[in-house]
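A.B. asks: pasting the sequence and the predicted coordinates here, then a few questions.
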Amino acid sequence: MDGVTISPNGNQLGVVAHGAGGEGNNKFELRVVAVRNFIGQIYSDIGMSQHKKKDYKASAQYFERATLADPGLSIARYNYACALAQQKHPDTEQALKAAIDAAGPSVKLRAVKDADFAGVAAEAWFVALTH
């Protein structure tokens, strides 16, 4: 990354990257991304890192922050439900419902097959939500 700038209203980041593949082969790339998307993705990435370490409490906190920063980041909503399910947290049902509402019925099939939900898969609310 060669340069980053923020828009005057603070809502967007501009990123310029430069790549050179030899003499006369310069390539510049410009990307513009909404700050909320950028921050949401960072929180989501940290959450996944914590989830892989089986630190489900920390991962849930980061996934929740990701959904607050970028409400459209549906994978963070789903992963939040996964992290809560791993803890058998009482908010798991509500989080899974929000993930289904945000991303659609394909989430139901994914949740049924996801090992993160194994500990709650026999719960009546889980069965009702995923069928």
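C.D. replies: Arrived safely, thanks for sending. Residues are numbered from 1 along each chain as shown.
A.B. asks: please count neighbours and contacts with C-alpha atoms only from this point.
C.D. replies: Noted.
A.B. asks: for the residue nearest in space to the middle of the chain, which non-adjacent residue is spatially closest?
C.D. replies: The centre of the chain sits closest to residue 76, judged by Cα atoms, centre = their mean, with a distance of 2.6 Å. The shortest distance from residue 76 to any non-neighbouring residue, by Cα to Cα, 6 or more residues apart in numbering, is to residue 63 (5.3 Å).
A.B. asks: return the residues in contact with the one you found.
C.D. replies: Contacts of residue 63 were listed using Cα atoms under 8 Å, 6 or more residues apart in numbering, and they are 43-44, 47, 76-77, 79-80.
A.B. asks: let's see that with 6 Å instead.
C.D. replies: By Cα atoms under 6 Å, 6 or more residues apart in numbering, the residues touching residue 63 are 44, 47, 76, 80.
A.B. asks: just residue 87 next, same as before
C.D. replies: By Cα under 6 Å, 6+ apart, residue 87 lies in contact with nothing.
A.B. asks: for it, report the pLDDT, please.
C.D. replies: What the model reports for residue 87 is a pLDDT of 98.
A.B. asks: what about the residue lying farthest from the centre of the chain, distance to residue 76?
C.D. replies: Distance from the centre of the chain peaks at residue 23, with 40.1 Å (Cα atoms, centre = their mean). Look at residue 23 and residue 76: by Cα to Cα, to the nearest Å, they are 43 Å apart.
A.B. asks: could you say which helix or strand contains the residue nearest to the centre of the chain?
C.D. replies: When elements are assigned from DSSP states H and E, residue 76 belongs to helix 74-86.
A.B. asks: model confidence over whichever helix or strand comes after that helix, on average?
C.D. replies: On the C-terminal side of helix 74-86, the closest following helix or strand by DSSP H and E is helix 92-103. The average pLDDT within helix 92-103 is 97.
A.B. asks: and the angle from helix 92-103 to helix 74-86?
C.D. replies: 160 degrees (axes from the mean of the first three to the mean of the last three Cα atoms, to 10 degrees).
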